[in-house]
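Chemist: Return atomic coordinates for the entry below.
(chains A and B)
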Amino acid sequence: MVTASTPGRVEPGPASDPRPSDPRPSDPRPSDRRLSDPRPAGRRGGSPLLRLVGQARGARGRLAGAAVLGGLASGCAVALMATSAWLIARAAQQPPVLYLMVAVVAVRTFGIGRGVLRYLERLVSHDAAFRVLGRMRERLVAHLAVLAPAGLPLWRRGDLLSRMVDDVDDAGDAFLRGLLPLAGAVLVGGGTVVLAMLILPAAGAALAGCLLVACVLAPLITARWTARTERQVVRQRAQRARLVNEILDDLPEVTVLGALDGRMAELDSVEREHRRVTISTARAAGLATGLAVISMGAAVWLAARWGVPAVVDSDLDPVLLAVIVLTPLALTDVVQAVGFAASTLRRSAASTGRLFAVLDTRPVTGPEPSDPLPFPRDPGGPMIRLRGVCARWPGAQRDALTDVDLDLVPGRRTVLLGESGSGKTTLLAVLLGFLTPTAGTITVDGADVAELDAEEVRGLFAWCDQRAYLFDSSLAENVRLARSGASDEDVAAALRVVGAGDWLDSLPDGLATRVGEHGQAVSGGERQRVALARAVLADRPVLLADEPAAHLDPATADAVTDLIMQPTPDRSVLLVTHRATDAVLGDALLEMLDGRCRPLRVPAGSGTIATP
Amino acid sequence: MRYAAGVRTLLAVSVGLAVTSAVAVITQAVLLAGILADVIIGGAGLPDVADRLIALAVVMGVRAGLAWASEEIAKRSAVSVTAGLRRDLLRKAATLGPRWRSGENSGELAVLATTGVDSLHDYVARYLPQLVLSVLIPLIMLGYLFTADLTSAIIVALTLPLIPLFMALVGWYTDRQTKAKWESLSRLAGHFADVIAGLPTLKVFGRAKAQAASVRRVTEDYRKTSMATLRVAFLSSMVLELLASLSVALVAVAIGLRLVYGDMTLQVGLAVLILAPEAYLPLRQLGTQFHAAADGVAATAKVLEVLDTPVAPPGTRTDLPAVPGLRLEGVTIGTPGERGAVGPLSLRIPAGRVTVIVGPSGIGKTTLLHVLAGMLGPDTGRVLVEGEHAGPTGVHLGGNGQVIDPPPALANGSDAASARLLIDHVSGADEDLSDIDLSDIDLSDIDPSDIDPSDIDLADVDPAAWRARLSWAGQGAALQAGSIRDNLALGNDGVDDATLHAALAGVDADRFVDALPEGWHTTLGEGGAGISQGQRQRLSLARALARPSSVLLLDEPTASLDAATERRVLVGIARGAAGRTVVLVTHRSAPLAVADQVIQLDSDAPLVLPADSPDALTAVGPW
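Modeler: Numbering: from 1, shown residues only, chains lettered A, B, ... in the order given. Below is the predicted model of the structure:
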């Protein structure tokens, strides 16, 4: 429980780590399962990396181009060595210089070619990666738009959200530093083997075998060893992060109690254990490196061993002996690139897997009606009625709402009191169609919402959250999202209605002021007023306010609550709160307790709130 | 320092490995060139070259062994260095106190101590050894080339220094380009994160479905602008690659032409051809490793910044009053106006009384406790320790015996004084407070008075002596793996069972502890796992109460408790407060009931309210 990742805490794990050379395991933390927890669809086959390539439609041509360019660039280095060897060996036979001119030109061309081709490869591959990532992001957003916000714990846990963003970048890494270098290496390695085969089949076969050892067996040893120690390393990282956090978070208490030494000793023992595991991994990495070096040496040695008798037997031109013996020396770069690519892919495979887990998650809301009823437009409405509604969050053990009855009537302001965890927010999620009830009915003017278009039902509600989300954009855009096409005047008017006029006037850039993460810091009160301005601008018949004053100081909290509870004849308001002082507000008062809803005060002359 | 020693050992070993492997590479090249030359020109057969082939195999084996050794040694050293560094960092952080945790540095130190120090791993394991290689190997290769073939040596000697020079020049120039690239990439990721985080809002307003297209559009825009930047940024690496491979081509062509005219032998020509790329290889690899090391370099700078932060010499005075009070005079932490900044604060914590501190989050309540605990020295102003009866400074007002101390700011005659209102309401916890009338208090009567000479500046106090006076119960419960009793007795060696039982009962923790299968011998997991947050908090509180201390600092001690438990716990705190100076920081209203004095921290100046003033109640609200 305690070691489970907590938002805001430092977590171990290289999810956002762009380093290509690190053979650290990708971190299957407990939360990974939770990310896909709600309803993982039956696993679609195939490795995540293959599916990622499948995502690359539209950029495939570019990716292939980048792979070929990359292969040619490394190929230039090999060709430079091969032609140089030929040139020098042939020159030693002292032929007329004219015979060497082609080779001289080729050597220079290959000398220039590597840099130029590598440059082109970088441009094409980055362009392709941008396109693939754009597509991936687009698909994710489209799918998340359906899941939001109940389908995944992303919106309740900031760390999951930021990790998913990092995961997308990692998926880009999979192309740039993983798949493309690998493809290039296969092209060059294959090409060199073919060349060697043509000159001396035995040397070609030896080179092929040695390349397999260096590029397949050595990375596999690293991968297997990493996989073996992965669980320990992840656990130790988590322990270490927990201890560091504990030492720093509880520093006053730990110091006052003189418990620092004990904590440091505990940390030391974790570090010792970590050191032991790391050293065993280091040995495996060393073994793999040594193996790669010796096998490439073996390729050279075997070419010489079999090449020399071939020359003696006149099966091989002596000049070509230099070519087959020296060319493998130029493959060192390629072998190294494969090692880096393999470790990048190990890391990206987990990130990519998490992304596909999100894409495979099915929505928690029921299927949309294929043929929705015409939306009721009752002139006296909308009258929203909940009867016996039960609801349960995905993966939860028990219902968050049990048998809830509630009426939202135009002109009536309802206050819903309750402790945190009593089901208040669940009720709003059900009303907004984020969560489908497991039992009971919700009707709008008598029509069951299950039969209506969900977007239209949602169109009844304006929403003000505990901490309104501000996008990293202008103030105007942040309000305007409630009604696209609203003029700046409308936006300003809405802000003035909610008492943000003075604030607006005080901003040097007015409506164009950037707010949100990279813009001006906005106080809690201003933030909530932006949310209310959205509600005003949206002009919807029902206002749902979910603890709008939860993070405000008392004076601002009162001001914001008053704004929400202003009486209006044709609008209904549902204020969810746990401030006991709000109980005196509104026309009706209900209390939520353990998912059950109980009326405390019924509006005069109304019998519409059914008593349980 | 230990980690520096680890790095030195690694560097020494790396030098040894680099020299050995350079010699091995040269031997290999000479052997190989000799074999080829003899076969190609001299018509030698396998038996003629057999002994050199065997020698070649041995050299290759040695090279593989060296590669293994350098990889393993680098990683081993890296893990020792990072572990040592983390240790020193945390020790230093403990000495520095919570300053690095406050304000905008919040969380940064934890990140630094975990992922930051981890990123040093690659710096130590890869970059540093590579740095050694890229200095030594080219030099050794050049040395060989000069003895073997002057022309090639000159070509290499002229181009080789261009590579680091170009790296530096181009790196300096492209630094901005690369930054621009990462900035645009991170802006892109930022927009994506923004849209996802805001999806619930967008969905309510019917805008969610349009977002996929918007993300695509933004990505497309960024792709275009980024590609324009990258076209320039990648030019630099092209120049470097070009230099390395073109000079090898030049060497090869020059050798070829001289061989035709018989100006050199094939063996030397081949050896030089094999070795020329080896001279450039370490430098090219350094470029690759530099990227991996960049994080480590940044982290090192930050770690050193923390390690090099000067620490004021600790005070030495131990002549503390039995029950100290505290007075803050114009105390500030951080730059006023910035987030996390506190003060200027001038207020008094009377000895032997319960002071409750309220105020909005982020105003610096916890930081104030850190200051009182002496873990955070004020940037300006000072903290004074007063005795129980310190300062005959009060102005006695009419009949009901309230004492008003002049605000020190007034005493100092500061301009800001008028903005500050300091009313100490000093009265017993059991006294009926309802009859206090603020209108009784006439501030114009306050007589600025001197500072009691017996006051001690907290900066002069021996930290250990001060800590021995303190108890602290914070928001995190600071429990560790072990039995409940061990946790309760932490920092309180030799405490008897009766005291601990009484403390448990005092905070309503006795019943749940007794209900556990093994009572207080029940073993808790790491971080106190096994019991609820509210229970952990009560254990922490019991530990603080059981400790023989005269100053009790409580940071939101009832934050995770339900209302009924909170009331019982507060009764226990009020009992435990007898004869102690208590400072209790809270968000909630219930703790006001035990207050002798309420201090409301506000963005302007602390407002000190009598415990029962209606303002005190509204200041808190039932959060």
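Chemist: and chain A, what are its domains?
Modeler: According to automatic domain parsing, chain A comprises the domains A:31-39+A:47-199+A:348-364, A:201-315, A:384-601.
Chemist: Turn those domains into a markdown table, columns for mean pLDDT and distance to chain B.
Modeler: Where you see a C-beta, it was placed from the backbone N, CA and C, and this is true even at glycine. A markdown table is the format used below for the domains of chain A (pLDDT from 0 to 100; distance: least, C-beta to the nearest C-beta, whole Å):
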| stretch | mean pLDDT | distance to chain B |
| --- | --- | --- |
| domain A:31-39+A:47-199+A:348-364 | 84 | 3 |
| domain A:201-315 | 87 | 3 |
| domain A:384-601 | 84 | 4 |
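Chemist: can I get these in CSV with mean neighbour count and distance to A:Arg377?
Modeler: Formatted as CSV, the domains of chain A follow (neighbours: other C-beta atoms under 10 Å in any protein chain shown; distance: least, C-beta to C-beta, whole Å):
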stretch, mean neighbour count, distance to A:Arg377
domain A:31-39+A:47-199+A:348-364, 20, 26
domain A:201-315, 20, 55
domain A:384-601, 19, 8
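Chemist: Quick one: closest of those domains to B:Gly525.
Modeler: domain A:201-315 (11.0 Å; C-beta to C-beta).
Chemist: now the end-to-end length of the closest one.
Modeler: 11 Å (C-alpha to C-alpha, to the nearest Å).
Chemist: Same check on stretch B:557-567?
Modeler: The first-to-last residue distance of stretch B:557-567 comes to 12 Å (C-alpha to C-alpha).
Chemist: ok, and what's touching it?
Modeler: Residues from elsewhere that reach stretch B:557-567 (C-beta atoms under 8 Å, 6 or more residues apart in numbering or on different chains): B:473, B:475, B:508, B:532-534, B:537-538, B:541, B:569-570, B:573, B:584, B:586-588, B:590-591.
Chemist: Take the residues you listed and keep only those in helices.
Modeler: B:Gln533, B:Gly534, B:Gln537, B:Arg538, B:Leu541, B:Val569, B:Leu570, B:Ile573 (DSSP state H).
Chemist: Return the members of these classed as buried.
Modeler: B:Gly534, B:Gln537, B:Arg538, B:Leu541, B:Val569, B:Leu570, B:Ile573 (16 or more other C-beta atoms under 10 Å in any protein chain shown).
Chemist: Let me know the distance separating the fifth one from chain A.
Modeler: Between B:Val569 and chain A the distance, using C-beta to the nearest C-beta, to the nearest Å, works out to 17 Å.
Chemist: Got phi/psi on the residue nearest to that residue when sequence neighbours are not counted?
Modeler: Using C-beta to C-beta, 6 or more residues apart in numbering or on different chains and skipping the chain neighbours, the partner closest in space to B:Val569 is B:Val507 (4.9 Å). Here is the backbone geometry of B:Val507 (degrees, to the nearest 10): phi -110, psi 20.
Chemist: Do I have it right that B:Val507 meets B:Ala574?
Modeler: No - counting by C-beta atoms under 8 Å, B:Val507 does not reach B:Ala574; the two are 11.3 Å apart.
Chemist: Can you name the residue of the stretch 201-350 of chain B nearest chain A?
Modeler: B:Ala249 (2.8 Å; C-beta to the nearest C-beta).
Chemist: Spatially, and excluding backbone neighbours, which residue is closest to that residue.
Modeler: Once flanking residues are discounted, B:Ala249 sits nearest to A:Gly111: 2.8 Å by C-beta to C-beta, 6+ apart.
Chemist: give the contact list for that neighbour.
Modeler: A:Gly111 neighbours (C-beta under 8 Å, 6+ apart): A:Cys76, A:Leu80, B:Ser245, B:Leu246, B:Ser247, B:Val248, B:Ala249, B:Leu250.
Chemist: among those, who's most crowded?
Modeler: When neighbours are counted by other C-beta atoms under 10 Å in any protein chain shown, B:Val248 leads those with 29 neighbours.
Chemist: buried sites along stretch B:524-540?
Modeler: Buried residues in stretch B:524-540, counted by 16+ other C-beta under 10 Å: B:524, B:526-528, B:530-531, B:534-540.
Chemist: Pull the contacting residues for the residue nearest to A:Pro372 when sequence neighbours are not counted.
Modeler: Excluding its sequence neighbours, the residue lying closest to A:Pro372 (C-beta to C-beta, 6+ apart) is A:Asp453, at 4.2 Å. For A:Asp453, the contacting residues are A:Glu368, A:Pro369, A:Pro372, A:Phe375, by C-beta under 8 Å, 6+ apart.
Chemist: hey, where'd the strands end up in chain A?
Modeler: A:384-391, A:401-408, A:413-418, A:439-444, A:447-448, A:461-464, A:473-474, A:514-515, A:542-546, A:572-577, A:588-593, A:596-601 (DSSP state E).
Chemist: so which of those comes closest to B:Val81?
Modeler: strand A:514-515 (42.9 Å).
Chemist: Can you tell me what sits against that closest one?
Modeler: Strand A:514-515 is contacted from outside by A:Leu470, A:Phe471, A:Asp472, A:Ser473, A:Ser474, A:Leu475, A:Asn478, A:Gln520, A:Val522, A:Val530, using C-beta under 8 Å, 6+ apart.
Chemist: Looking at those residues, spot the one nearest A:Ala227.
Modeler: Ranked by distance to A:Ala227 (C-beta to C-beta), these are led by A:Asp472 at 39.5 Å.
Chemist: quick one: buried residues of the helix or strand in which B:Ala503 is found?
Modeler: B:Ala503 belongs to helix B:497-506 when assigned by DSSP states H and E. Buried positions in helix B:497-506, judged by neighbour count with 16+ other C-beta under 10 Å: B:Thr499, B:Leu500, B:His501, B:Ala502, B:Ala503, B:Leu504, B:Ala505, B:Gly506.
Chemist: and those residues as JSON lines, adding distance to chain A?
Modeler: Listed next are the buried residues of helix B:497-506 as JSON lines, based on distance: C-beta to the nearest C-beta, whole Å:
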{"residue": "B:Thr499", "distance to chain A": "16"}
{"residue": "B:Leu500", "distance to chain A": "14"}
{"residue": "B:His501", "distance to chain A": "19"}
{"residue": "B:Ala502", "distance to chain A": "19"}
{"residue": "B:Ala503", "distance to chain A": "14"}
{"residue": "B:Leu504", "distance to chain A": "17"}
{"residue": "B:Ala505", "distance to chain A": "21"}
{"residue": "B:Gly506", "distance to chain A": "18"}
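Chemist: want to throw those into TSV with distance to A:Trp463 and pLDDT?
Modeler: Converted to TSV, the buried residues of helix B:497-506 look like this (distance: C-beta to C-beta, whole Å; pLDDT from 0 to 100):
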residue	distance to A:Trp463	pLDDT
B:Thr499	54	87
B:Leu500	51	88
B:His501	51	88
B:Ala502	51	88
B:Ala503	47	88
B:Leu504	46	89
B:Ala505	47	89
B:Gly506	45	87
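Chemist: on that earlier part again, mind putting the buried residues of stretch B:524-540 into JSON lines with pLDDT?
Modeler: Output for the buried residues of stretch B:524-540, formatted as JSON lines (pLDDT from 0 to 100):
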{"residue": "B:Leu524", "pLDDT": "80"}
{"residue": "B:Glu526", "pLDDT": "66"}
{"residue": "B:Gly527", "pLDDT": "66"}
{"residue": "B:Gly528", "pLDDT": "70"}
{"residue": "B:Gly530", "pLDDT": "70"}
{"residue": "B:Ile531", "pLDDT": "74"}
{"residue": "B:Gly534", "pLDDT": "76"}
{"residue": "B:Gln535", "pLDDT": "81"}
{"residue": "B:Arg536", "pLDDT": "83"}
{"residue": "B:Gln537", "pLDDT": "83"}
{"residue": "B:Arg538", "pLDDT": "87"}
{"residue": "B:Leu539", "pLDDT": "88"}
{"residue": "B:Ser540", "pLDDT": "88"}
